[in-house]
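Engineer: Please work out how this folds:
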Amino acid sequence: MGKIKIAIAGVGNCASSLVQGIHYYKDKNPKDVIGLMHWEIGGYTPGDMQVVAAFDIDRRKVGVDVNDAVFAGPNCTKVFCPDLPQAGVAVRMGIILDGFSDHMREYEDKYTFLLANETEPDKEEVVKILKDTGAQIFLNYLPVGSEEATRFYAECALEAGVAFINNIPVFIASNPQWAARFKAKNVPLIGDDIKSQVGATIVHRTLTDLFKKRGVKLERTYQLNTGGNTDFLNMLNRRRLASKKKSKTEAVQSVAGRRLDDENIHIGPSDYVSWQKDNKVCFIRMEGKLFGDVPLDLELRLSVEDSPNSAGVAIDSIRCAKLALDRGEGGVLAAPSAYFCKHPPQQLTDDEAFHMMENFIHKCQDKVREISDYQQREGHQISTKK
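Structural biologist: Residues are numbered from 1 along each chain as shown. Down below sits the predicted model:
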């Protein structure tokens, strides 16, 4: 099937888990695989991915081979595949814009981000890199609140004709103007704001849907999260959280039996606890009434390693984008966006999104089998003629 060539903006913890996962699963026996929703999608397995370009602004990463940079500070995610081969791809200086929050300078002793002697690229330079490297899919892993920087990279993807996967809560796929632009250029787009495999949002959505299906009236709920990675440190600047809170809140509101008033739902990042590192702890409380108007309270604590939790979803998202490229399909990919993201253009229940995703995948796989059967028939005919 060939390699799926990917470019990455932001070589942080999520990118580290993704790159490690590509190599971790490369030589696995499918029967022994744990942690993937799909081993194969349209003929592609995790090991078929190759990073061909990467951008960051941290002096410990720029100029360094990407397979070394994923282990450089301030990354602190779990190392589950330590012996990565050299990729032969150096991390390039990325655009800064609003991708760096000024309050991070207060933590200069731990986090030294900016590479002062490197010049930021312009759009033409990034587009050229994407084209020259043969990148097919561009993943956005910038910090929450990077509105301008995300739009910059989305513009680059559009101009280069490269599929764009927006893993953060900046509204690109769910913005009608952006969606129309990707559709007009027939470039695949998945977004916005990646869900984890079993994270705070997907668990909260599942419980909210359960209340609805079991006839329980949900009256109020909250979701509080703490973590110690740079994502949580970045989010100490509350001004960067507007889209994040909207994304997470709508993900839960959309599956409730009825929308809760704003004062009865609180969902969003809560605090930075440095010693937690990439471990995320989520606290969910739900209050409602069941049969006879009798009160029901539910409290849940979830502890997960944050970045590997999203990498398993990203690996499927990448392969779905590649299938769309193979099929010549552009614009927002509705099924992958609804299943993989918190804030897609169309909010569906997870069951509905799951079935749409399976139909999307099998439609592609049926086409692959059709081509394979055709090639085998043609090969047989040629052999017979000879």
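
Engineer: Show me the helices in the stretch 151-300 of the chain, by range?
Structural biologist: Using DSSP state H, counting those that start in this stretch, the helices of the stretch 151-300 of the chain run over 176-184, 200-213, 230-234, 242-253.

Engineer: any idea which of the ones you listed is most buried?
Structural biologist: The highest mean neighbour count among the helices of the stretch 151-300 of the chain, using mean count of other CB atoms under 10 Å, belongs to helix 230-234: a mean of 23. (Glycine included, C-beta is placed from N, CA and C.)

Engineer: Counting by contacts, list what it packs against.
Structural biologist: strand 265-272 (3 or more CB pairs under 8 Å, 6 or more residues apart in numbering; DSSP states H and E).

Engineer: mean confidence score for the strand it packs on?
Structural biologist: The predicted model assigns strand 265-272 a mean pLDDT of 88.

Engineer: okay, and for the protein, where does confidence drop off?
Structural biologist: The chain contains residues with pLDDT under 70 at 1, 108-117, 364-386.

Engineer: before we move on, the earlier item: need the helices of the stretch 151-300 of the chain in JSON lines with distance to Gly94, can you?
Structural biologist: Compiled in JSON lines, these are given as follows (distance: least, CB to CB, whole Å):
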{"stretch": "helix 176-184", "distance to Gly94": "20"}
{"stretch": "helix 200-213", "distance to Gly94": "27"}
{"stretch": "helix 230-234", "distance to Gly94": "15"}
{"stretch": "helix 242-253", "distance to Gly94": "20"}
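
Engineer: right, and the ones you listed - which one's nearest Met286?
Structural biologist: Among the helices of the stretch 151-300 of the chain, the nearest to Met286 by CB to CB is helix 200-213 (6.3 Å).

Engineer: My guess is Gly228 contacts Cys76. True?
Structural biologist: Yes: assessed by CB atoms under 8 Å, Gly228 is found in contact with Cys76 at 7.2 Å.

Engineer: between the helices of the stretch 151-300 of the chain, which gets nearest to Asp297?
Structural biologist: helix 200-213 (11.9 Å).

Engineer: between that closest one and strand 265-272, how big is the angle?
Structural biologist: 160 degrees (axes from the mean of the first three to the mean of the last three CA atoms, to 10 degrees).

Engineer: by contact count, what packs against helix 200-213?
Structural biologist: strand 217-227, helix 242-253, strand 279-290, strand 294-305, helix 350-385.

Engineer: do you know which of these lies nearest Arg319?
Structural biologist: The nearest among these, by CB to CB, is helix 350-385 at 8.6 Å.

Engineer: For Asn118, list the residues it contacts.
Structural biologist: Just to correct that, residue 118 is Glu rather than Asn. Val62, Met93 (CB atoms under 8 Å, 6 or more residues apart in numbering).

Engineer: which SS class is it?
Structural biologist: coil (DSSP: H, G, I helix; E, B strand; the rest coil).

Engineer: any idea how far it is from Ala87?
Structural biologist: Per CB to CB, to the nearest Å, Glu118 is found 20 Å from Ala87.

Engineer: what's the answer for Ile96, then?
Structural biologist: From Ile96 to Ala87 the distance is 24 Å (CB to CB).

Engineer: Which one's more surrounded, those two?
Structural biologist: Ala87 (19 against 16; other CB atoms under 10 Å).

Engineer: Pull the contacting residues for that one.
Structural biologist: Neighbours of Ala87 in contact, by CB under 8 Å, 6+ apart: Val51, Asp65, Val66, Asn67.

Engineer: Excluding chain neighbours, give the residue nearest to it in space.
Structural biologist: Asn67 (4.4 Å; CB to CB, 6 or more residues apart in numbering).

Engineer: Look up how far Phe171 lies from that neighbour.
Structural biologist: 32 Å.

Engineer: same deal with Met356?
Structural biologist: Taken as CB to CB, the span from Met356 to Phe171 is 21 Å.

Engineer: And Val66, by the same measure?
Structural biologist: Note on Val66: its distance to Phe171, by CB to CB, is 28 Å.

Engineer: who has more neighbours, those two?
Structural biologist: Comparing Val66 with Phe171 by other CB under 10 Å, the one with more neighbours is Val66, at 25 against 20.

Engineer: Let me see the contact set for Asn67.
Structural biologist: Contacts of Asn67 by CB under 8 Å, 6+ apart are Val19, Val51, Leu84, Pro85, Gln86, Ala87.

Engineer: for the fourth one, what are its contacts?
Structural biologist: Translated: Pro85. Applying CB under 8 Å, 6+ apart, the residues near Pro85 are His23, Asn67.

Engineer: Surely it is in a helix?
Structural biologist: No: in this structure, Pro85 is coil, not part of a helix, as judged by three-state DSSP.

Engineer: Report the separation between the closest residue in space to Thr45 that isn't next to it in sequence and Phe360.
Structural biologist: Spatially, and ignoring its direct neighbours in sequence, Thr45 is nearest to Trp39 (6.3 Å; CB to CB, 6+ apart). From Trp39 over to Phe360 the distance is 17 Å, taken as CB to CB.
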